[in-house]
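1. what would the 3D arrangement of this be:
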Amino acid sequence: MPRAYSASGMSSKNATEMLFADTAAIERAARILKEGGLVAVPTETVYGLAARADDPKAVARIYAAKSRPEINPLIVHVRDLDQARELADFDVVDAEMLAKRCWPGPLTLVLPLKRGANLAPAVTAGLPTVAIRVPEHPVIRELLAKVPFPLAAPSANRSGYVSPTHPSHVRATLDRQVELVLDGGDACKEGLESTIVAIRSNRQWVELRPGPLDLNALHDELYEGMDKQGPITRKGRVGETLEAPGQMASHYSPGKPVRLNAMDARSDEFMIGFQQYGGDCMLSKSGDLVEAAAHLYDCLHAAAASMKPRIAVAPIPDEGVGRAINDRLRRAAA
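-> Got it, this is the predicted structure:
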């Protein structure tokens, strides 16, 4: 049975451990999760705040620790496609093909929730769909292999703030709210949260959140010769319902005003540079968008910690992963 935790969310030790993510630490993390605790764990996208997805009390602790709105569903992380099939309906056209093509990796599929799926209701925020993925990072994969349940794991930060790509970022907002931080260093090679796509009828892909995986390029690869736009549509929201994380208008906030497409910085601004536009923190001097994505949250954290009260960000090309970077920046500036 999961261990009972106090209203503050901490066990009797009432302190957050940080351990290098070796085998012993991962085994300790598995024990904490089995008892209903919270563990911050590196993934290839950002650090996630993990809890067992089948335990309502453990999932409630995620929402409480993050101060996350209850209408905002969580992504479920699973070991493999077989475990995913226990939770989601893969009969939707293209779903299994995309899973086999992109997993493990930074793609989240939003699919019909399978009848009888053993998930806490809060994971899906009461929706008939579930957001699910198989992560690629070896630490969370080893952790998933040591527990018999899937993991709900949103970003390990306070809701609405800049996502964490280093254990120090986790400590900055969630210290004493989590039992253990698995320290994987700068382990988040993608640097941005996963691409989220909902699969509708008639092979319609609805991009709910852009991310490291370029859906246009993937669609062109899978359906060569079809209209390049194909059935892909993009929506931040569907009606008034949040179908997946990252759809709120204001998100990823550094807590300061953010000015986008800045050619240079004003005297009171921390400048985040790109290519020919220099700055206090550079996303990529060479103009590499993949490198820029990996550095984005580090630069936003540095800007948040700066003495300067405002932030300026250089123009970022709105193509490839640049679309995801600009999505995060627009929400940070909202």
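2. check which helix or strand the most centrally placed residue in the chain maps to.
-> Closest to where the C-alpha atoms of the chain average out (C-alpha atoms, centre = their mean) is Glu193, at 3.7 Å. Secondary-structure assignment from DSSP states H and E places Glu193 in no helical or strand segment.
3. how about the nearest residue to it, chain neighbours excluded?
-> Computed as C-beta to C-beta, 6 or more residues apart in numbering, the closest residue to Glu193 that is not its neighbour in sequence is Thr45, at 5.2 Å. All C-beta atoms are positioned from the backbone trio N, CA, C, and that covers glycine.
4. quick one, strands of the stretch 101-250 of the chain?
-> Using DSSP state E, counting those that start in this stretch, the strands of the stretch 101-250 of the chain run over residues 107-112, 129-133, 151-152, 180-183, 195-199, 205-209, 232-234.
5. looking at these, which is nearest to Cys299?
-> In terms of C-beta to C-beta, the element of these nearest to Cys299 is strand 205-209, at 20.3 Å.
6. strand partners (parallel or antiparallel) of the closest one?
-> Here strand 205-209 is paired, per DSSP bridges, with strand 195-199 (antiparallel), strand 232-234 (parallel).
7. got phi/psi on the residue of the chain most remote from its centre?
-> Going by C-alpha atoms, centre = their mean, the residue of the chain most distant from its centre is Ser267, 33.4 Å out. Main-chain torsions, Ser267, degrees, to the nearest 10: phi -60, psi -30.
8. what ranges do the helices span in the stretch 1-150 of the chain?
-> Along the stretch 1-150 of the chain, counting by DSSP state H, counting those that start in this stretch, helices occupy 23-34, 56-66, 81-85, 95-102, 138-145.
9. packing partners for the helix or strand harbouring Leu296?
-> Per DSSP H and E: Leu296 is located in helix 289-305. Contacts defined by 3 or more C-beta pairs under 8 Å, 6 or more residues apart in numbering; DSSP states H and E place helix 289-305 against helix 167-174, strand 269-273, strand 281-282, helix 322-333.
10. let's see that with 10 Å instead.
-> Helix 289-305 is packed against helix 167-174, strand 269-273, strand 281-282, strand 310-313, helix 322-333, with contacts defined by 3 or more C-beta pairs under 10 Å, 6 or more residues apart in numbering; DSSP states H and E.
11. a markdown table for those, including distance to Phe90, mean pLDDT and mean neighbour count?
-> Listed next are the helices and strands packed on helix 289-305 as a markdown table, based on distance: least, C-beta to C-beta, whole Å; pLDDT from 0 to 100; neighbours: other C-beta atoms under 10 Å:
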| stretch | distance to Phe90 | mean pLDDT | mean neighbour count |
| --- | --- | --- | --- |
| helix 167-174 | 33 | 91 | 20 |
| strand 269-273 | 40 | 98 | 25 |
| strand 281-282 | 42 | 98 | 19 |
| strand 310-313 | 39 | 98 | 26 |
| helix 322-333 | 25 | 96 | 21 |
